[in-house]
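>>> Give me a 3D structure for the following:
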Amino acid sequence: MIDLPEPGLYRTTTPYPGHEEAFPAGALVYVGQPSNGGVKFVVRPGRNENNRWFWGDPTTPLRSVSWGKTLKRLPSEGFYTLPDEIDLDGGGRWLKNAVVQLGYNGEGRGILFIAERRDGEATNALFFSDKGMSIEDSLLDRLTWAPILPVAKDAAANAS
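Numbers count the residues shown, from 1 in each chain. Reported below is the predicted structural model:
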């Protein structure tokens, strides 16, 4: 069996041989595998909604074991808590254990979006800005996953 990376998010560190323009060094990619167990593939981001990437076409078969070994594995997009307090430039701070949303730019660099509870809102919800703070890999690797239950819009309407 060919030793290729597991499905997930990665940052390229070298261009994909033969596909250098589509997959240069320093790019966010997703490695996937069809549900039928077919050939693993690599794809660049398609569109971004709510600070999350969605993947589209074209996908490229991933056949280079040596290039696959150069990919830097990234934590999944989603919700996490901060391991430490962060002092912001210009004043302000984000507190330890604050809930944040992790996203990425097109170069595969982590971006955090802080959770906000808006006073005066009728809903009991957290909001995340579309503007975040870039972070170093050293912080990216220390975030703690926050298990927030995803609920489909139809299911949420039926629950009330």
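
>>> only C-alpha atoms for contact and neighbour calcs from this point on.
Noted.

>>> got the domain boundaries for the protein?
Residue ranges for the domains of the chain, per automatic domain parsing: 8-73, 78-159.

>>> Please enumerate the helices of this structure.
65-68, 137-140, 153-159 (DSSP state H).

>>> ranking these by mean pLDDT, which is last?
Least confidently modelled of those is helix 153-159, at a mean of 66 by mean pLDDT.

>>> returning to that earlier point: go through the domains of the chain and find the least confident stretch.
Lowest mean pLDDT of the domains of the chain: domain 78-159, a mean of 90.

>>> Tell me how far that domain lies from the chain's centre.
In terms of C-alpha atoms, centre = their mean, to the nearest Å, the centre of domain 78-159 is set 12 Å apart from its chain centre.

>>> on that earlier part again, of all the domains of the chain, which gets the most neighbours per residue?
domain 8-73 (a mean of 16; mean count of other C-alpha atoms under 10 Å).

>>> and that one, how far apart are its ends?
Taking C-alpha to C-alpha, to the nearest Å, domain 8-73 runs 8 Å from one end to the other.

>>> Likewise for stretch 39-59?
Stretch 39-59 has its terminal residues 11 Å apart, counting by C-alpha to C-alpha.

>>> Contacts for that stretch next, please.
The contact list for stretch 39-59 (C-alpha atoms under 8 Å, 6 or more residues apart in numbering) reads 4, 22-23, 27-34, 60-63, 77-78, 101-104, 106, 130.

>>> From these, which land in strands?
Counting by DSSP state E, the contacts of stretch 39-59 place Leu28, Val29, Tyr30, Val31, Gly32, Thr60, Pro61, Gly78, Gln101, Leu102, Gly103, Tyr104 in strands.

>>> Could you work out the most separated pair of the residues you listed?
Maximum pairwise distance in these, criterion C-alpha to C-alpha, is 30.3 Å, between Pro61 and Gln101.

>>> From the centroid of the chain, which residue is nearest?
Glu77 (3.0 Å; C-alpha atoms, centre = their mean).
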